[in-house]
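[1] sequence plus the predicted model coming up.
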Amino acid sequence: MRAYYFDNLPGDQRLPHESASQAAVSISTLNSIKVEFWNIPLQGHEEKLNAVAKERGYRNRDVITISKEGLGDEYETKLKAFYKEHIHEDEEIRYIMDGGGFFDVREAPTDEWIRIAVSAGDLLVLPAGIYHRFSVDERNMTRTTRLFKDEPKWSAIYRSDESDTNPHRIEYLNSITAAA
Ligand SMILES: CSCCC(=O)/C(O)=C/O
Ligand SMILES: [Fe+2]
């Protein structure tokens, strides 16, 4: 995992968008916006993943392969959907099993994009209510285990004036202010 400020330059979302002038972002900065990260070697990862799922009350999971082969006709639509800025009303817990990609998260209160480059073995937890988006990288393939509290269903709320007042968004902002 590497994290850094996104360069905000136009161009292919699958490129790193990392410039020499953009500072690296530390794990403690990520933790301050309630983003958590672990690296768990693929071999034997089930035990740790099961422990995280149990501790947080996640009863279901699925594996999604985001690639042309994995998603077929749905590939372009899904790429667009995942890269459109959104929140969820639950945490987003993702364990990368193959390939790689970028989770971009909005720092608060700056509203700057922080780009988190992930690859196999990375486990990322994004809190409910954080604005974020996802893209595959130049490998054009990410195989990910997704944890769900209930049935495996991806449900996103895209950024708008309405999402700014979503109770999960407000609760998230309050939680990071209270922790500061
Ligand atoms: C890499 S898992 C698929 C992307 C996803 O589930 C999500 O919510 C991105 O923000
Ligand atoms: Fe998401």
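    Received the coordinates, thanks. Ligands and ions are numbered 1, 2, ... in the order given.
[2] show me which residues of the chain sit near ligand 1.
    64, 82, 92, 94, 101, 132-134, 142, 144, 146, 154 (Cβ under 6 Å from any ligand atom). The way it works is simple: take the backbone N, C-alpha and C, and place the C-beta from them, glycine included.
[3] longest strand in this protein, by residue count?
    For the chain, the strand reaching the highest residue count under DSSP state E is reported as strand 92-106.
[4] past that one, which element shows up next along the chain?
    Downstream of strand 92-106, the first helix or strand assigned by DSSP states H and E is strand 113-119.
[5] that next one packs against which elements?
    Other helices and strands packing on strand 113-119, by 3 or more Cβ pairs under 8 Å, 6 or more residues apart in numbering; DSSP states H and E, are strand 2-5, helix 27-32, strand 92-106.
[6] sorry, back to before: tell me the helices and strands packed up against the longest strand of the chain.
    Under the contact criterion of 3+ Cβ pairs under 8 Å, 6+ apart, strand 92-106 touches helix 45-56, strand 60-66, strand 113-119, strand 122-126, strand 132-136, strand 142-148.
[7] isn't residue 5 right up against residue 25?
    Yes. Residue 5 is within contact range of residue 25, at 6.6 Å (criterion: Cβ atoms under 8 Å).
[8] between those two, what contacts are shared?
    Any residue near both residue 5 and residue 25 by Cβ atoms under 8 Å, 6 or more residues apart in numbering counts here, and that gives residue 114.
[9] C-terminal to the helix or strand containing residue 79, what's the next element?
    Following DSSP H and E, one finds residue 79 within helix 75-83. Using DSSP H and E, the helix or strand that follows helix 75-83 in sequence is strand 86-87.
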